[in-house]
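*Asks:* coordinates for the following, if possible.
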Amino acid sequence: MKGVARLADRFNAVGWTLIVLIILLWQVLVATNVIDFDYLPKPTEVWSGLQQVVADGTLIQQMGHTLRAAATASVIAIALGVGLGTLIGLIRPIAIATSASIDFLRSIPAVALMPVVLLMIGASSRSEIIVAVFAGLWPILLSTSGGVSAINPRLHEVGRVLHLSRRDRALKVLIPSAVPSILVGVRLTVVTALVVVIIAEFMINPAGIGWALNQAQSALRPDLLFAYAVVTGLLGYLINLALVVGVRLCMPGSPALRGRA
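*Replies:* All right, here's what the predicted structure looks like:
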């Protein structure tokens, strides 16, 4: 439990206090009409809207769809990224042959591919997962290839001295040494997949939290719109925090733990 205790020591109390003060100031300024916008609700109205979708079960259903899609996309992206990144990091000709393609493809915004995927596959969960895999692939691929290629050359010598095959050398020596870099990529990939899934639900697949945001906007319900926006932020924060805690328990001192809660 020392890892959890250390994480608690890193809790950013000042940052969270500032957030609370901003919410209180927001409430006062809107309630006194100092800030007067037609569709800017008070925080109390946002809280009421959140209670409404929690009470009728809508939020749980929408969160379930979004989290399933994001988890599926993350697993696929991580599996592909670790595999391809290891090959690129180990075999220089592959790195040279793929560098231009990777630089080009990762420069394409995932949002730009959504209309294409919609036309080809239609409005479905598969569409949002494909787009999220595309967006989430690059962080883990680049982190893995960078970590593998930066391994101390002496580790390669260890594998040769032990007469390990290329496969055993990669699985038993090189990839474990690159785990800290891979973990950094995993964190980025998971959060990226969640964000892209929500955007895809808003644009191409009528389901989940993204579609709920769309519906709240169309219904002119700013209380629900802000409530769902807060939920998306909390989901991203909690997922990232869970990854940090998991890594801290397994690998204390890993670079993947940089940052504060």
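*Asks:* let me know the pLDDT of I60.
*Replies:* Each residue has a pLDDT score; the one for I60 is 90.
*Asks:* that one: which element?
*Replies:* helix 58-90 (DSSP states H and E).
*Asks:* buried stuff in the next helix or strand after that helix?
*Replies:* Downstream of helix 58-90, the next assigned helix or strand under DSSP H and E is helix 92-105. Using 16 or more other CB atoms under 10 Å as the test for burial, helix 92-105 gives T98, I102. C-betas here are computed from N, CA, C, even on glycine.
*Asks:* for helix 92-105, name the packing helices and strands.
*Replies:* Packing partners of helix 92-105 (3 or more CB pairs under 8 Å, 6 or more residues apart in numbering; DSSP states H and E): helix 58-90, helix 125-149.
*Asks:* these: which one's closest to R167?
*Replies:* Nearest of those to R167, taken as CB to CB: helix 58-90 at 10.8 Å.
*Asks:* quick one: the closest one to chain centroid distance?
*Replies:* Taking CA atoms, centre = their mean, to the nearest Å, one finds helix 58-90 lying 9 Å from the centre of the chain it belongs to.
*Asks:* and that helix, what other elements does it pack with?
*Replies:* Using 3+ CB pairs under 8 Å, 6+ apart: helix 58-90 touches helix 43-55, helix 92-105, helix 125-149, helix 179-203, helix 208-218, helix 222-250.
*Asks:* with mean pLDDT and distance to M63 added, can I get these in CSV?
*Replies:* Shown next, in CSV, are the helices and strands packed on helix 58-90 (pLDDT from 0 to 100; distance: least, CB to CB, whole Å):
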stretch, mean pLDDT, distance to M63
helix 43-55, 89, 10
helix 92-105, 87, 31
helix 125-149, 91, 15
helix 179-203, 89, 11
helix 208-218, 89, 6
helix 222-250, 85, 7
